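> Sequence and predicted structure are below.
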Amino acid sequence: MEDSAGKAGRAQQNRIEIEDNPSLSRASDSQFSLCFHASEGLHRETASSPLLAEFKDRTELMSTSPPDPPEYRLPQRYNETILTLMARDPYWVYAYWSISEHDRHRICTDHGQEAWRMGVKLLRVYDVTGSDLDHPHSRMDIGIGDEATSWYINVPAPDRTYCAEIVIITPSGRELVLARSNPVSTPRDGVSDVIDEEWMTLAGFDKLYWMSAGFGPSSPEFQMRFESRLARRRLLMGSEALAMGFSPLGQWGGPSRQRTRG
Amino acid sequence: MRQAPRGFLAIVLHAHLPYIRHPDTDAFLESNWLNEAITETYIPLLDVFNGLLDDGVQYRITVSLSPPLMAMLSDPLLQQRYIDYINRLIELAEKEVNRTASDRLVHPLALMYRDRLYHAREVFENRYNRNLLNGFKCLQDAGAVELITSAATHGFLPLMGGITQSVEAQVAIGVSSFKKHFGPNPQGFWLPECGFYPGVDSILARYGIRYTFTDTHGVLYASPRPKYGVYAPVYCRSGVAVFGRDPESSKQVWSADEGYPGDFDYRDFYRDIGYDLDYDYIKPYLHQGIRGHTGIKYHRVTGKTGDKEIYNRQAALHKAMIHAGNFMFNRERQIEFLASILDRQPIVVAPYDAELFGHWWFEGPEWLDNLIRKSVYEQNVYKLVTPLDYLKEYPHNQISTPTMSSWGYKGYCEVWLNETNDWIYRHLHHASRQMVELAERYPKADGILRRALNQAARELLLAQSSDWAFIMKAGTMVEYAVKRTQNHVGRFAELFNQITQNRIDPEYLAHLEWKDSIFPEIDYSLYASNLLS
């Protein structure tokens, strides 16, 4: 424990050391981010801020000094390289990411000073249903620009498993994979085609199904209503995709295997 | 002898409020949520359940109590605040009795509210010794109510970022909270917002949970295809039974257009003397002097008009009886129909938010009372059961995996993951990973380090409450929800830094222990991944 505390202490004093030491534990991340970009750092009000000063005055009068400020501010992102996918519904997956200062610097060190600034950043989404990243069924690239740190991805089909990467294409044309996500599975949006022999569907399953869908046992219109509801939902999602600025680069095609670990 | 029923009806009430306890101040309007729910929902429901028992009605109902609600109901500070709250309200109700003395229509209502408040205070103090959990426990012991638990802070489990330890801790603490207050291991688990995903069942199974619920499509879209739709449970591979919500019975109560609570004879929720009466008169009874609900409401829904008529209690109670009869009739027809096409007795599962009853739908408890009595005495088509009763009757069920789902708008995760609240997950997941790191780096800690680690776990859990994301989406009280998220994450981050930098500030820690004191027995080592098999 002393060891990690000492390490964190040094990290605070010496940013060169941080850059040179990629194995630094996450313990020092927040100090690290304070050093590099104060506006984004994970910091409670610093001692010089009027808010905390005021708070301190007040609490010192009370002769206890709980340094718990009335409000904490959270960073825009953490100084870590991470890409997380979350399945929102059968057609949408949410991604958020961050690339650590260290990794940005390393790209510049390895691939030229302009490599980060000029590089094209992509969110590359793979359909890995029943497979893995080495054998994806298809992939889609989404241009994410320099500012985005999250994205709603309109995926083509429910009940599939997706995985993603943050990829940068350097000015010299190299593709570097900066981060890889967890896999996520989208939910089904309909009845399963898989039938269990021991539990064969009953003759009345269609009635049962439409009743389960909330249309009562006797309406002749259930099927139509149910389908149009689904259609509306999809339509809504489609227009949302346009509103989200869905990337024109985003195409589902065969897997391309030109990948370099960054 | 009574003939065998054609099927079963399982009514499930899920009671939950977010953990709102500010020991330093009662300035937050949100603190009133608990007080209002005690007077308007929990005590009236306990009255109904006890009345049924007193009359010898043999009934079964399932009630889920969330751990934050258990913690708040058993908290002496909040109990005292409830007493203070209801004393003020009784003072107002007495004034109202005088003020309305010459009003033939309103005066009986003023008397009704006054009597209800005195009754609430009386049973709160003397029957339940200020702790309503005692009331629920008695009903469980009497064999009428089956109590079940929910996740520690009502975290929405499908969006925990695949960090199994976070889900595990939510489940483990949900179960241990239940055991602390009620004794035995809970058999059932209410997934917050019906938020199911394949795999969460294995965690439930590890903690001895035998059944849970999903929304209709969770089970209906299970794979393999469920033979009985939602009218029988399926078993996950883990052995946990999953019951799907029946959409018909749900719609009759919930639907904004067709639901019972919108009936014109029922009491209107929005018209409240807190808004209607002269400011100087009502000001002492308003929270911070700001106009809001007092709970004293004299009007009925009347229609889609702002011009509301005075509430008629007798007419409303009569309507509650008619609606209970209508609900029963519909279940009879539904279950007869289902029984005719299934080769076993169907179960219709009807889950509702408990706070709908009494708080929003003032006559909801009376409707439930009527429904239970009628179901027991006036029909033979179905029998009231709990999910556990059903599993005893039908232990053999299809094995199938429900799909990820919730009972929120559109049925999946959108309510808790959209442009209003998506920013929180980066922080929640970051803190979750850090919590796992802490648990692994400091196994078997003791002294102040242990206290700091436990407090870090509390802050993480409080940040994970699904209520904050929900409120951000719903658009009212957003500021409070944002602040709660920021503060719990911020406190966690500060504790993480203090712990890992070996500079734990005892005063800061003690302050947080005092401020965010949920789950006093928490054990941070729950987050160590080596616990997982």
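It's in.
> List the buried residues of the helix or strand B:Glu168 falls within.
Element membership for B:Glu168 (DSSP states H and E) is helix B:164-182. Buried residues in helix B:164-182, defined by neighbour count with 16 or more other C-beta atoms under 10 Å in any protein chain shown: B:164-178, B:180-182. Quick note: C-beta positions are derived from backbone N, CA and C, even for glycine.
> before we move on, what about stretch B:234-241?
Neighbour-count burial for stretch B:234-241 flags B:Val234, B:Tyr235, B:Cys236, B:Ser238, B:Val240, B:Ala241 (criterion: 16+ other C-beta under 10 Å).
> Could I have the CA atoms of the helix holding B:Glu168 written out in PDB?
This file holds the C-alpha atoms of helix B:164-182, laid out as PDB (Å, rounded to 0.1, in the frame of the first residue of the first chain):
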ATOM      1  CA  THR B 164     -20.300  -9.000 -12.900                       C
ATOM      2  CA  GLN B 165     -19.200  -7.900  -9.400                       C
ATOM      3  CA  SER B 166     -21.500  -4.900  -9.500                       C
ATOM      4  CA  VAL B 167     -24.500  -7.100 -10.300                       C
ATOM      5  CA  GLU B 168     -23.400  -9.600  -7.800                       C
ATOM      6  CA  ALA B 169     -23.100  -7.000  -5.000                       C
ATOM      7  CA  GLN B 170     -26.600  -5.600  -5.900                       C
ATOM      8  CA  VAL B 171     -28.100  -9.100  -5.600                       C
ATOM      9  CA  ALA B 172     -26.100 -10.100  -2.500                       C
ATOM     10  CA  ILE B 173     -27.000  -7.000  -0.600                       C
ATOM     11  CA  GLY B 174     -30.600  -7.300  -1.700                       C
ATOM     12  CA  VAL B 175     -30.700 -10.700  -0.200                       C
ATOM     13  CA  SER B 176     -28.800  -9.900   3.000                       C
ATOM     14  CA  SER B 177     -31.000  -6.800   3.600                       C
ATOM     15  CA  PHE B 178     -34.100  -9.000   3.300                       C
ATOM     16  CA  LYS B 179     -32.600 -11.600   5.800                       C
ATOM     17  CA  LYS B 180     -31.700  -8.800   8.200                       C
ATOM     18  CA  HIS B 181     -35.300  -7.500   8.300                       C
ATOM     19  CA  PHE B 182     -37.400 -10.600   7.700                       C
END
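> Select from the buried residues of stretch B:234-241 every entry located in helices.
Using DSSP state H, no member of the buried residues of stretch B:234-241 sits in helices.
> Need the max-distance pair from those.
Maximum pairwise distance in these, criterion C-beta to C-beta, is 11.7 Å, between B:Val234 and B:Ser238.
> hey, what's in contact with both of the two?
Taking C-beta atoms under 8 Å, 6 or more residues apart in numbering or on different chains as the contact criterion, B:Val234 and B:Ser238 have no common neighbours.
> So A:Thr84 sits against A:Ala95, correct?
Yes. A:Thr84 lies in contact with A:Ala95 (C-beta atoms under 8 Å); the separation is 7.0 Å.
> Quick check: neighbours shared by those two?
Joint contacts of A:Thr84 and A:Ala95 (C-beta under 8 Å, 6+ apart) are A:Ser181.
> mind checking the backbone torsions on B:Pro226?
Here the main-chain torsion angles of B:Pro226 (degrees, to the nearest 10) amount to phi -80, psi 120.
> Kindly provide the distance from it to B:Phe243.
Distance of B:Pro226 to B:Phe243, given as C-beta to C-beta, to the nearest Å: 11 Å.
> which residue sits closest to the single nearest residue of chain A relative to chain B, ignoring its sequence neighbours?
Relative to chain B, the nearest point of chain A is A:Tyr72 (2.4 Å; C-beta to the nearest C-beta). For A:Tyr72, ignoring the flanking residues on the chain, the nearest one in space by C-beta to C-beta, 6 or more residues apart in numbering or on different chains is B:Gly490 at 2.4 Å.
> what about the one you found, helix or strand, and which?
Per DSSP H and E, B:Gly490 falls inside helix B:478-500.
> same question for that helix, mean pLDDT?
For helix B:478-500, mean pLDDT rounds to 97.
> Which elements pack onto whichever helix or strand comes after that helix?
Per DSSP H and E, the first helix or strand lying C-terminal to helix B:478-500 is helix B:506-515. In terms of contacts (3 or more C-beta pairs under 8 Å, 6 or more residues apart in numbering or on different chains; DSSP states H and E), helix B:506-515 is packed against helix B:447-463, helix B:478-500.
> what would the ones you listed look like in a markdown table with mean neighbour count?
Formatted as a markdown table, the helices and strands packed on helix B:506-515 follow (neighbours: other C-beta atoms under 10 Å in any protein chain shown):
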| stretch | mean neighbour count |
| --- | --- |
| helix B:447-463 | 22 |
| helix B:478-500 | 22 |
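> Now these in CSV, please, with extra columns for distance to A:His105.
Formatted as CSV, the helices and strands packed on helix B:506-515 follow (distance: least, C-beta to C-beta, whole Å):
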stretch, distance to A:His105
helix B:447-463, 31
helix B:478-500, 24
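> wait, what's in contact with B:Gly408?
B:Gly408 neighbours (C-beta under 8 Å, 6+ apart): B:Glu193, B:Glu414, B:Val415, B:Trp416.
> which residues does the residue of chain B found nearest chain A contact?
Proximity of chain B to chain A (C-beta to the nearest C-beta) peaks at B:Gly490, 2.4 Å away. Taking C-beta under 8 Å, 6+ apart as the criterion, B:Gly490 is in contact with A:Arg44, A:Pro69, A:Tyr72, A:Arg73, A:Leu74.
> helix, strand or coil for B:Glu146?
For B:Glu146, the secondary-structure state derived from DSSP: H, G, I helix; E, B strand; the rest coil is strand.
> Would you point out the most distant pair within the contacts of B:Gly490?
Using C-beta to C-beta, the contacts of B:Gly490 reach their maximum pairwise distance at A:Pro69 and A:Leu74, which is 12.6 Å.
> correct me, but B:Arg137 touches B:Phe182?
Check again: residue B:137 is Lys, not Arg. Yes. Here B:Lys137 reaches B:Phe182: they are 5.6 Å apart, a contact under C-beta under 8 Å.
> list residues touching both of these two?
By C-beta under 8 Å, 6+ apart, B:Lys137 and B:Phe182 have these common neighbours: B:Leu147.
> among the helices and strands packed on helix B:506-515, which is nearest B:Val145?
For B:Val145, the closest of the helices and strands packed on helix B:506-515 is helix B:447-463, at 26.8 Å, according to C-beta to C-beta.
> got the contact list for whichever helix or strand comes after the closest one?
For helix B:447-463, the following helix or strand on the C-terminal side (DSSP H and E) is helix B:466-474. Residues outside helix B:466-474 that contact it (C-beta under 8 Å, 6+ apart): B:18, B:154-156, B:192-193, B:195, B:415-418, B:420-421, B:424, B:477-478, B:480-482, B:484-485.
> what helices or strands is the helix holding B:Glu168 leaning on?
helix B:67-73, helix B:132-141, strand B:145-150, strand B:188-190, helix B:200-206, helix B:423-441, helix B:447-463.
> Now do the first one, average pLDDT.
Translated: helix B:67-73. 98.
> what's the answer for the fifth one, then?
Helix B:200-206 shows a mean pLDDT of 98.
> And the next helix or strand after that helix, how far out from the chain middle?
Moving toward the C-terminus from helix B:200-206, the next helix or strand (DSSP H and E) is strand B:211-214. Offset of strand B:211-214 from its chain centre (C-alpha atoms, centre = their mean, to the nearest Å): 15 Å.
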